[in-house]
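J.: using only what follows, build the 3D model:
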Amino acid sequence: MASDEVALRQDLEQGGFYLFAIRRGVGVKQLGLRAPHVPNDLLMLFGQELAALLKAGLPLLQSLDVMLERQKHPVFRKSLSTVREKVKGGTALSEAFKTEGQLYPPIFSASLVAGERSGSLETVLRRFVQYLRLNQALKKKAIAASVYPLLLMTGMTGLVTVLLTWVIPQFQSFFEGLGGELPLATRVLLAVANFLKANLYWILGALIGGGLALAWWLRQPGSTLVVDRVMLRIPYLGRLMRMFATSQLARTLSTLLAGGLPLLNALEVAGASIGNRAMAAAVVGATPQIREGRSLTAALESTGMIENLALEMVKVGEQTGALGEMLNAVAEFYDEELDTRMATVLALVEPVMLVLMAFIVGAMLLAFYLPLFQVFSVIH
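T.: Prediction:
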């Protein structure tokens, strides 16, 4: 099975076969499974070491041999072996990696094209490694900022579940033995606890089934586009996601333009590299405007996804002939802005969740002790 029609046709014709028709097979994407890919940390290390070997004067083919001998990752090793054979047969390095399909991000093969055209493959590889390093650092910051709130939410959910399904139902007979009518809050608490205890397995089954159904739907074509559009409309969080996507776009575009890739090709690759599919579709849809002669600022403005500040900075870059540097400045600005905003959100989320947890547990304890307070008041 080949990654695309061109690669299949070339492979078969080189082997002496005549191709009548091509039919696409069923792959992991059609089955709803995640396609294999080379991890970014391995790709970053590969780019750094390949750049060092090329700078030392080692020929490309021998450099690939060295990298292949050291590679342990099975998917990457198999792909690298295929790439090496294609390069040995006269295929360009960028084309060899491009035919590997989704194993590598689009910016990788585009960067290699820019390096081959400009004759500075080693420099472009180092710039690509720097791009990956900055992107990884930003993603790690976002993940680190969300860990503590998720732990608090998980802990609160677990505590409330244990109280409602195990602790409180055990005191029902005790409350009934007190005599008289129980307070409304206590009756509601006992009703909720009994319902959860009696239907716990059904509720868990429904949650698991709903999760599986959601996971299946998310693997269907176009589902991520719908989700990303909804995410961009969420107050405050949507703006954070838009800023992150703008940073990705600006940094990718800056990297490709600095490598010598034409603006039209660079914008197509940069748009496809955006994590948010809704914004990626809008940017890729605006690329024909560059072919028609419009400016990058006008093309980006037509998407309705880019903020005015970023558009003004891009416009200045186009007018001064320093578009690559200005795009890099846009990415750095939004990276700093994201750091500040995420720190602010985290500082607010922690006390809010702690107060919410205290309120829920406190309300449950109050409903739990109200019958005892009534008994004590009657005795006195």
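J.: hey, let's count contacts and neighbours off CA atoms from now on
T.: Will do.
J.: poorly predicted segments of the protein, please.
T.: The chain contains residues with pLDDT under 70 at 1-35, 118, 179-180, 375, 377-380.
J.: so the most centrally placed residue in it, which of the three states?
T.: In the chain, the residue lying closest to the centroid (Cα atoms, centre = their mean) is G275, at 5.5 Å. On the three-state scheme (DSSP: H, G, I helix; E, B strand; the rest coil), G275 is labelled coil.
J.: skipping its backbone neighbours, what lies nearest it in space?
T.: Spatial nearest neighbour of G275, excluding adjacent residues (Cα to Cα, 6 or more residues apart in numbering): A245 at 6.6 Å.
J.: now do the same contact list for the one you found.
T.: I274, G275, N276, M279 (Cα atoms under 8 Å, 6 or more residues apart in numbering).
J.: top of the residues you listed by neighbour count?
T.: Neighbour tally across the contacts of A245 (other Cα atoms under 10 Å): the maximum, 26 neighbours, falls on M279.
J.: which neighbouring elements make contact with the lengthiest helix in the chain?
T.: Counting by DSSP state H, the longest helix found in the chain is helix 323-379. Applying 3 or more Cα pairs under 8 Å, 6 or more residues apart in numbering; DSSP states H and E, we find helix 323-379 packed against helix 121-162, helix 184-198, helix 237-258, helix 308-320.
J.: could you redo the last one with a cut-off of 6 Å?
T.: Using 3 or more Cα pairs under 6 Å, 6 or more residues apart in numbering; DSSP states H and E as the contact criterion, the elements in contact with helix 323-379 are helix 237-258.
J.: which of the residues in the helix it packs on are classified as buried?
T.: Applying a neighbour-count criterion of 16 or more other Cα atoms under 10 Å, one finds 238-258 buried in helix 237-258.
J.: just the C-alpha atoms of it, please, in CSV.
T.: Output of helix 237-258 as CSV, limited to C-alpha atoms (Å, rounded to 0.1, in the frame of the first residue of the first chain):
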residue,chain,number,x,y,z
LEU,A,237,-11.3,30.2,26.3
GLY,A,238,-12.1,30.7,22.6
ARG,A,239,-9.8,33.8,22.5
LEU,A,240,-7.0,31.8,24.1
MET,A,241,-7.3,29.1,21.5
ARG,A,242,-7.4,31.7,18.8
MET,A,243,-4.2,33.3,20.1
PHE,A,244,-2.5,29.9,20.3
ALA,A,245,-3.5,29.2,16.7
THR,A,246,-2.3,32.6,15.5
SER,A,247,1.0,32.0,17.2
GLN,A,248,1.3,28.6,15.4
LEU,A,249,0.4,30.2,12.1
ALA,A,250,2.9,33.1,12.4
ARG,A,251,5.8,30.9,13.6
THR,A,252,5.3,28.3,10.9
LEU,A,253,4.9,30.9,8.2
SER,A,254,8.0,32.8,9.5
THR,A,255,10.0,29.5,9.5
LEU,A,256,9.1,28.6,5.9
LEU,A,257,9.6,32.1,4.5
ALA,A,258,13.0,32.4,6.2
